[in-house]
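Chemist: Prediction below, plus the sequence it came from.
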Amino acid sequence: MATMRFRQAIVAALADEMRLDSRIIFFGEDVAEAEGPFKTSEGILKEFGPERVRDTPISEMGFTGAAVGAAMMGLRPVIEIMFIEFLGVALDQIVTEAAKTRYLSQGSLSVPMTIRASVGSGLGFGCQHSQTLEHWFASTPGLKVLMPSNAQSAYSLLRAAIRDPDPVIVLEPRILYAERGDVDYGIIAEIGKAQMRATGDEITIVALGQMVNVAEEAIKNSGVSADLVDLQTIIPWDRETVLNSVKKTSRLIVVEEAPLSGGWGSEIVAYVTSQLFSALKSPPFRITAPDVPIPFNGGLESRYAPTASDVTRQILHALKNQDVPQPWWVVEGIAG
Amino acid sequence: MTTSLERRNSLYGNDLACYERMVEIREFEKITNALFAEGSIRGTTHLAVGQEALTLGISSTLKPNDVVAATYRSHAIGLALGLSPESVLAEIMGKATGCCGGVGGSMHLCDTTVGLLPTSAIIGAGIPVAAGAALAFQVQKTDQIALALFGDGATNIGAFHEGLNLAAIWKLPVIFICDNNVYGEYSRIEKTTPIEDLHIRAESYAMPHMSLDGMDIHAVRSGLTDAINRARTGGGPTLIEAKTYRFSGHSRADQALYRPEGELKEWQKKDPLLVTEKDLIKRNLITRNEIESMKENMVSELTAVAKKVANDPEPELSAMFSNIWTPSKVAI
């Protein structure tokens, strides 16, 4: 057990796995000599050398494709995508090549690669460097998609991702890189398993990444007794844990950083509603960002992702009125 | 039953066997075309009639444990590398006996026993993948190499440039072969590309490059051998442009009416089968009569294969739920 920053937990997980498995190689833009733009590979080149740790050209399609090919041939590449948006130019290699290789080869090939990417709003990077984009991958069978919420899950999810035999995307909330937390080196996550961040009996809140921390604060502020489920994995998501929790509380709110339309929370709400319809005390609903690009201005950006105070408002509304609260932009008469 | 590997091994040092495989590919494509026309094949097909010398040049020079990332124009390279006509046709017809169990189709062949990675239906996608396979060989310190086979159209897509650049800076043991068959889908090369000799694009990556006659198996082997030696001895990648011609249309029922009059006829004079026949006869390895009976036998063998495959079993419904994720204790 040690206390460290989120980014240091990522370094520790990568180093611990690289020490155990010589098939792991690591590459990306400025990850070797510069040790990563977010310092998520400090000391990695020094310990493991230039054969296994490489700087790439600014060429996501090229090096993501190279990771796919290397993984097919028995290596376990870990690649870093500096900002998730940069995967836009490499999407073919992930969605159409990596995710289909096992299928087309009838199981004779697999693609045990890990793609790490920083995601999320709140740091003033503007609309092309602040999205989370997990929904780009959430409906591609063949991929696994993870998102840590603190130093411990950054460590234990990354170790699980690297060990996994399939292509895994780990989305790291950039806003958390500097946050400190305790890390137990003995914990390696089980992909597809959620974590209970808090337990209670009035309401179930499901969240992912930084929204877990926002929801935790909201629960504290509202004083309600809530189950807080840190989903950790979007594909495959932990239906059992979520269903068991909602069976107990009979209420569900999903908190997402992504825009309202097409988010992963729709899947959770639809599934839970279809399974537990008659047991629900109020309609499940989602608290999300609005359907807008992420604004640069600090005041505007601070309203983009769900805030603790807005989540608090919506929790209290749901418990008091047994119906669905309006999003803040409707309440404040700004947008429909 | 003969395995893919045995069919592959039979090619080495045996020009007659290579010629016979070229005849197999030619007749196979004709039968495929006929089956498509009569409605027995769903979806699409992309024939490689006229490009047989290139695929055989590759398969009789690379080792079976080297890997090939090829494209949706896959039948010829698949057969050349050793896949059986049964497994290829069955895949094209979506049968359980196909090399991908019938879930792939004409554009997706795969057989890892002879190094054929799943062929991709995305232009250029195999180029970085081949570079990555070569990266694995470099790190694992094996003497294997990877080869990407792609068309002229792929040299205009980003993956080509990114893949070549990465392979050059890391000196990867990979060979890039551009099968310049003059047409990218329905467009003649000069409409889409400002240069005629595509191999010169390797200059930008300080990569050795060459152009060769893709209609002549000896020219292919000779050029490829240099590139292989370079790759196996740490000299890094090579870009080879093989000048060929697509005797058929791009896909399915395309009649290629966009071709200038007489162009096909000119190229047919360089038909790789004719070129090879002439060479073999000159070397007293075969007679004209033997060639004719070889072709007749091939047609009747492949006709029998087509008849058998038509009655092969369809995949079970469970096939559509298989091989998506590696089985694990967590239910998806």
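Modeler: Noted; the coordinates are in hand.
Chemist: Distance of A:W264 relative to A:L171?
Modeler: Counting by CB to CB, to the nearest Å, the gap from A:W264 to A:L171 is 11 Å. Where you see a C-beta, it was placed from the backbone N, CA and C, and this is true even at glycine.
Chemist: should've said A:D182
Modeler: 22 Å.
Chemist: which residue ranges form the strands in the stretch 201-336 of chain A?
Modeler: A:203-207, A:226-230, A:233-235, A:252-259, A:285-289 (DSSP state E, counting those that start in this stretch).
Chemist: Overlap in contacts, A:W264 and A:L171.
Modeler: Residues touching both A:W264 and A:L171 (CB atoms under 8 Å, 6 or more residues apart in numbering or on different chains) are A:E134.
Chemist: First-to-last residue distance for stretch B:71-84?
Modeler: Start-to-end span of stretch B:71-84 (CA to CA, to the nearest Å) is 18 Å.
Chemist: now do stretch A:328-336
Modeler: Using CA to CA, first and last residues of stretch A:328-336 are 10 Å apart.
Chemist: which residues touch that stretch?
Modeler: By CB under 8 Å, 6+ apart, stretch A:328-336 touches A:290, A:303, A:310, A:313, A:325.
Chemist: If any of those residues are buried, give me the ChimeraX selection for them.
Modeler: Applied in ChimeraX, the following selects the buried portion of the contacts of stretch A:328-336 according to 16 or more other CB atoms under 10 Å in any protein chain shown:
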select /A:290,303,310,313,325
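Chemist: Filtering the contacts of stretch A:328-336 by proximity to chain B, which remain?
Modeler: Among the contacts of stretch A:328-336, none lies close to chain B by the criterion of CB under 8 Å from any CB of the partner chain.
Chemist: Could you save the contacts of stretch A:328-336 as JSON lines and add columns showing pLDDT?
Modeler: Shown next, in JSON lines, are the contacts of stretch A:328-336 (pLDDT from 0 to 100):
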{"residue": "A:P290", "pLDDT": "98"}
{"residue": "A:R303", "pLDDT": "97"}
{"residue": "A:D310", "pLDDT": "97"}
{"residue": "A:R313", "pLDDT": "98"}
{"residue": "A:P325", "pLDDT": "97"}
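Chemist: which one of the contacts of stretch A:328-336 is nearest chain B?
Modeler: Relative to chain B, the closest of the contacts of stretch A:328-336 is A:P290; by CB to the nearest CB it sits at 31.5 Å.
Chemist: Wait, the closest one touches A:P259, no?
Modeler: Yes - using CB atoms under 8 Å, A:P290 is in contact with A:P259, at 6.7 Å.
Chemist: can you pull the contacts of residue 82?
Modeler: No chain was given, so I picked chain A. Neighbours of A:M82 in contact, by CB under 8 Å, 6+ apart: A:28-30, A:37-38, A:117-118.
Chemist: my bad, the chain I had in mind was chain B
Modeler: B:3-9, B:11, B:59, B:64, B:111, B:113-114.
Chemist: Among those, which are located in helices?
Modeler: If you go by DSSP state H, these have B:4-9, B:59 in helices.
Chemist: Among those residues, which one has the most neighbours?
Modeler: B:S59 (26 neighbours; other CB atoms under 10 Å in any protein chain shown).
Chemist: Name the nearest residue to that one, ignoring sequence neighbours.
Modeler: B:A80 (4.1 Å; CB to CB, 6 or more residues apart in numbering or on different chains).
Chemist: For B:K270, the count of nearby residues, please.
Modeler: The burial count for B:K270: 17, using other CB under 10 Å.
Chemist: For B:K30, see how far away the nearest residue to it once chain neighbours are set aside is.
Modeler: Excluding its sequence neighbours, the residue lying closest to B:K270 (CB to CB, 6+ apart) is B:M215, at 4.5 Å. B:M215 sits 19 Å away from B:K30, going by CB to CB.
Chemist: Looking at these two, which one has more neighbours?
Modeler: Per other CB under 10 Å, whichever of B:M215 and B:K30 has more neighbours is B:M215, with 25 against 15.
Chemist: can you confirm the more buried one is in a strand?
Modeler: No - using DSSP: H, G, I helix; E, B strand; the rest coil, the secondary structure at B:M215 is coil, not a strand.
Chemist: Who are the contact partners of residue 206?
Modeler: Assuming you mean chain A. For A:V206, the contact set (CB under 8 Å, 6+ apart) comprises A:194, A:229, A:231, A:242, A:252-255, A:265, A:268.
Chemist: let's do chain B instead
Modeler: Counted by CB under 8 Å, 6+ apart, B:A206 has contacts B:A168.
Chemist: Now the phi/psi pair for it, please.
Modeler: When quoted as degrees, to the nearest 10, the phi and psi of B:A206 stand at phi 50, psi 40.
Chemist: Return the distance of it relative to chain A.
Modeler: Applying CB to the nearest CB, to the nearest Å, the value for B:A206 to chain A is 14 Å.
Chemist: Next: B:I25.
Modeler: Taking CB to the nearest CB, one finds B:I25 at 22 Å from chain A.
Chemist: if I look at that residue, how far off is A:A71?
Modeler: For B:I25, the distance to A:A71 - CB to CB - is 31 Å.
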